[in-house]
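Asker: after the sequence you'll find the predicted model.
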Amino acid sequence: MATFFLIHPSDNVAVCIESAQAGEMVEVGDYRVPLIEAVPVGHKVALVDIQEGQDVVKYGAPIGHAILTVKAGSHLHTHNVKTNLSGELTYSFNQKLTRLNSEIRNLTFNGYKRSNGKVGIRNELWIVPTVGCVNGQAQQIINRFVQEVHPDDIDGVEVFKHNYGCSQLGDDHVNTQKALADVINHPNAGGVLVMGLGCENNQISQLKQYIGEYDGERVRYLVAQEVEDEIEVGVQALKEVYAIMRQDRRESVPLSELNVGLKCGGSDGFSGITANPLVGAFSDFLVAQGGTTILTEVPEMFGAETILMARAENHEVFDKTVSLINDFKAYYQRHNLPVYENPSPGNKAGGITTLEDKSLGCTQKGGSATVVDVLNYAEPLKKKGLNLLSAPGNDLVAASALGFSGCQMVLFTTGRGTPFGSFVPTMKISTNSDLYHRKRNWIDFNAGELLEGKTMDELLETFILFVIDVANGHKLCHEKSGFKEIAIFKNGVTL
């Protein structure tokens, strides 16, 4: 007999856990329905007859409507379901807060205390180019430094290449400056060499206005056009900073010092059943301990935004959430692009049918905590608790944005798998056990055990300890592979 999962009692669909053939019986909740046709893993089956125009309900909310009459036992997907969503909307503040019931446990992790009061979970030496023109020179400096010094007593040496810093206008130019300043100020860096060319728009003198106060021993500057041999000068600067940061030691700090980004990519029909709810339970736990989480991917809030708005701490946060949603819709419309050109082909293959279907699963990563603030792109964290952040759904752009705002790590749920890593530790959490076992070089944690008898409480406890282990220095798959990058959001003209 095929296995199906009923997410919410009011749903009129169930999710296929194991591939099912026509003639098999769907037995879930109070329903007993024969399958009319085969249903792939992660896809939906109608539990009742659904009339043309009637809502398809999953997660207890509409994910679209039937575009023709669908019989009970039928496969529901893009061929017979369409989104209910449209453009900008008017919202009203109907607050509905949930009291977190997580036990306060006084847990700690071993981090690096920085002079500005921040805490890092890595002690790495970075080169941050002000402009893409010096990417190659920065890499040469890194290569020579590593060859001469063999810095095995720190967590890594990286150059974060990008293509920006010149030929940009307006918000794009400012966003680049803010993002790079955020990287320079990030507590996972024990030392930074900021490397410019000399003629770019993003002059170091201007960039310093966004960097603010900094430790002059640990943050050094190099303008390539102003020295005879930038490689020689750069290597010497790294050696001087390395001599200081190699003395850094981990210290026990409360879990409340942890800032964690919440992200998903390559989602499938299990994302909203396993990995995203697990991350949501962790988010609630961390917030209850006094820690911080950030939820982003604004286009993947469309269709579930009212759930987040109802959790706003006050009317000011509600208004900021409304602007977050409608401003991103306006961004699409300015470029004459459809607001709801989502989910992706991979999402659809995995069983996600509409943007509401994706969003209602995606936002579960934010658990049930109160939303305390809404951040602009590249804006640093100001409040502990659950925050929302303006950034697109693109995996590397969004994960980088979470790091820019101050997250020391990112929790990344996936049903399809991906090897990428942002400039902060990016933990891949599989929605299903098959992916976990097939791609052990990509996936760090398996949430698919929730479909195999593990309870949420049991797996959450294992997950909490694993997150702490990573904060203590355990390297994730992408760190072992050396895949660490940044991507800066661009939406305007290039000169």
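Answerer: Arrived safely, thanks for sending.

Asker: which parts of the lowest-mean-pLDDT helix or strand in the chain are buried?
Answerer: When each helix and strand of the chain is scored by mean pLDDT, DSSP states H and E, helix 345-349 comes last, with a mean of 88. Across helix 345-349, burial judged by 16 or more other CB atoms under 10 Å covers Gly346, Asn347, Lys348, Ala349. Just so you know, the C-beta spots here come from the backbone N, C-alpha and C atoms, and that holds for glycine as well.

Asker: can you list those in JSON lines and add distance to Thr363?
Answerer: Formatted as JSON lines, these follow (distance: CB to CB, whole Å):
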{"residue": "Gly346", "distance to Thr363": "19"}
{"residue": "Asn347", "distance to Thr363": "15"}
{"residue": "Lys348", "distance to Thr363": "19"}
{"residue": "Ala349", "distance to Thr363": "22"}
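
Asker: nearest to Cys477 among these?
Answerer: Gly346 (19.6 Å; CB to CB).

Asker: excluding its backbone neighbours, what's nearest the closest one?
Answerer: Arg416 (5.1 Å; CB to CB, 6 or more residues apart in numbering).

Asker: now the strands for the stretch 1-150 of the chain?
Answerer: For the stretch 1-150 of the chain, the strands defined by DSSP state E, counting those that start in this stretch occupy 4-5, 13-16, 25-28, 31-34, 44-46, 55-58, 61-66, 75-76, 81-82, 108-113, 119-120, 124-129.

Asker: list of residues touching the first one?
Answerer: In this case it means strand 4-5. With CB atoms under 8 Å, 6 or more residues apart in numbering as the test, strand 4-5 has contacts from Ala14, Val15, Cys16, Ile17, Ala20, Val26, Glu27, Val28, Val45, Ile273, Leu451.

Asker: of the residues you listed, keep whichever come out buried.
Answerer: Buried subset of the contacts of strand 4-5 (neighbour count, 16+ other CB under 10 Å): Ala14, Val15, Cys16, Ile17, Ala20, Val26, Val28, Val45, Ile273, Leu451.

Asker: tell me who's in contact with the fourth one.
Answerer: Just to be clear, that refers to Ile17. Ala2, Thr3, Phe4, Phe5, Val41, Leu451.

Asker: for the strands of the stretch 1-150 of the chain, give me a markdown table that also has mean pLDDT.
Answerer: Below are the strands of the stretch 1-150 of the chain laid out as a markdown table (pLDDT from 0 to 100):
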| stretch | mean pLDDT |
| --- | --- |
| strand 4-5 | 92 |
| strand 13-16 | 95 |
| strand 25-28 | 92 |
| strand 31-34 | 94 |
| strand 44-46 | 96 |
| strand 55-58 | 96 |
| strand 61-66 | 94 |
| strand 75-76 | 96 |
| strand 81-82 | 94 |
| strand 108-113 | 98 |
| strand 119-120 | 98 |
| strand 124-129 | 98 |
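
Asker: quick one: the longest strand anywhere in the chain to strand 108-113, angle?
Answerer: Counting residues, the longest strand found in the chain (DSSP state E) is strand 189-196. On the basis of axes from the mean of the first three to the mean of the last three CA atoms, to 10 degrees, strand 189-196 is oriented at 40 degrees to strand 108-113.

Asker: average pLDDT for the one helix or strand Gly234 maps to, rounded please.
Answerer: Using DSSP states H and E, Gly234 sits in helix 230-245. Averaging pLDDT along helix 230-245 gives 98.

Asker: chain center to it, what's the gap?
Answerer: 33 Å (CA atoms, centre = their mean, to the nearest Å).

Asker: show me what that helix is packed up against.
Answerer: strand 124-129, helix 135-149, strand 189-196, strand 219-223 (3 or more CB pairs under 8 Å, 6 or more residues apart in numbering; DSSP states H and E).

Asker: now render those as JSON lines, adding distance to Leu389.
Answerer: Converted to JSON lines, those look like this (distance: least, CB to CB, whole Å):
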{"stretch": "strand 124-129", "distance to Leu389": "21"}
{"stretch": "helix 135-149", "distance to Leu389": "27"}
{"stretch": "strand 189-196", "distance to Leu389": "21"}
{"stretch": "strand 219-223", "distance to Leu389": "25"}
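
Asker: ok, the helix or strand following the helix holding Gly234: who's next to it in the sheet?
Answerer: Later in the chain than helix 230-245, the nearest helix or strand by DSSP H and E is strand 251-254. Applying DSSP bridges, strand 251-254 is found paired with strand 108-113 (antiparallel).

Asker: list the buried residues in the partner strand.
Answerer: Those would be Thr108, Phe109, Gly111, Tyr112, Lys113, for strand 108-113 by 16+ other CB under 10 Å.

Asker: what lies in contact with that strand?
Answerer: 119-123, 187, 190, 248-255, 257-258, 408, 468, 471-473.

Asker: the same query, at a cut-off of 10 Å, please.
Answerer: Residues from elsewhere that reach strand 108-113 (CB atoms under 10 Å, 6 or more residues apart in numbering): 118-124, 155, 187-190, 245, 248-258, 408, 467-473.

Asker: how about stretch 24-38?
Answerer: By CB under 10 Å, 6+ apart, the list of residues contacting stretch 24-38 reads 1-6, 8-9, 11-12, 14-23, 39, 45-48, 70-75.

Asker: filter those residues down to the buried ones and hand me the ChimeraX line.
Answerer: Of these, the buried ones go into a single ChimeraX selection, burial set by 16+ other CB under 10 Å:
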select :2,3,4,5,6,11,12,14,15,16,17,20,39,45,46,47,70,72,73,74,75
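
Asker: please spell out which residue in this structure sits farthest from the middle.
Answerer: Glu228 (41.8 Å; CA atoms, centre = their mean).

Asker: which stretch of helix or strand covers that one?
Answerer: Judged by DSSP H and E, Glu228 forms part of no helix or strand.

Asker: between the buried residues of helix 345-349, which is nearest Lys365?
Answerer: Nearest member of these to Lys365, counting by CB to CB, is Asn347, at 15.4 Å.

Asker: for the closest one, give me its contacts.
Answerer: By CB under 10 Å, 6+ apart, the neighbours of Asn347 are 265-269, 271, 300, 353-355, 357-358, 361, 415-416.

Asker: how about the spatially most central residue of the chain: what's its closest non-neighbour residue?
Answerer: Among the residues of the chain, the one closest to the centroid is Lys263, at 2.3 Å (CA atoms, centre = their mean). Take Lys263 and drop its neighbours on the chain: the residue closest to it by CB to CB, 6+ apart is Phe412, 4.8 Å away.
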